[in-house]
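**Q** predicted model, plus sequence, below.
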Amino acid sequence: MAGERKAPARTATGARKASAKSTRSRAREFALQALYQHLVGRNDAASVDQFTRGLAGFHKADSVHYDALLHGCIEQAPALDALIEPLLDRKLAEISPIEHAVMWIGTWEFQHAVDVPWRVVINECIELAKEFGGTDGHKYVNAVLNGLAPTLRATEVEHDRASGKARP
């Protein structure tokens, strides 16, 4: 029917197919790959940035958002970890580097990408964790980011809860 939105095409894991992704979603994917290289290989931001920009499909990503995510997460890693750690049920070193990087992205976006609604930040991070993380990693990411949202986006979360758009 006219005006009816189709659900985005999904892969076997439940993640959105590439054709259904926005330029910002693609930026998050490339930032995730770069942050993974940083976490696992201890590669510096300039090296992972140069490598990531050479990957197939990078031209379809929002490079400004990618830059902000990559450099912002690396520069603010200790502060992001300090926000994330109290919500974990294990040591940060025991968290998968994929889920760790996804939580960095979500936490950074809560603080610095205020044009992105908090629920969108969480949904995008869940999608990343579904596509790149372990079997139930997206549930862990969801729990941590839902725990951070009321602190980092208090007014927005409260407004959504009061209007019934989010659970109390």
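**A** Arrived safely, thanks for sending.

**Q** hang on, L128 in a helix?
**A** Yes - according to DSSP: H, G, I helix; E, B strand; the rest coil, L128 belongs to a helix.

**Q** quick one: which helix or strand includes the residue nearest to the spatial centre of the chain?
**A** When CA atoms, centre = their mean is applied to the chain, the residue found nearest the centroid is C125 (3.6 Å). Taking DSSP states H and E as the criterion, C125 maps to helix 118-132.

**Q** quick one: low-confidence residue ranges for the protein.
**A** 1-20, 167-168 (pLDDT under 70).

**Q** which helix is the longest one in it?
**A** Secondary structure assigned by DSSP state H gives helix 23-41 as the longest helix of the chain.

**Q** sorry, back to before: and for the closest residue to the residue nearest to the centre of the chain other than its chain neighbours, the neighbour number?
**A** Once flanking residues are discounted, C125 sits nearest to G106: 4.2 Å by CB to CB, 6 or more residues apart in numbering. C-betas here are computed from N, CA, C, even on glycine. G106: 30 surrounding residues under other CB atoms under 10 Å.

**Q** one more: P86?
**A** By other CB under 10 Å, 10 other residues sit near P86.

**Q** am I right that it sits in a strand?
**A** No - read with three-state DSSP, P86 is helix and lies in no strand.

**Q** from V120, how far out is it?
**A** 24 Å (CB to CB, to the nearest Å).

**Q** ok, back up a step: please, which helix or strand holds the residue nearest to C125?
**A** Element membership of G106 [criterion: DSSP H and E] is helix 97-112.

**Q** that helix vs helix 23-41, what angle?
**A** Interaxial angle of helix 97-112 relative to helix 23-41 (axes from the mean of the first three to the mean of the last three CA atoms, to 10 degrees): 130 degrees.

**Q** appreciated, that's everything.
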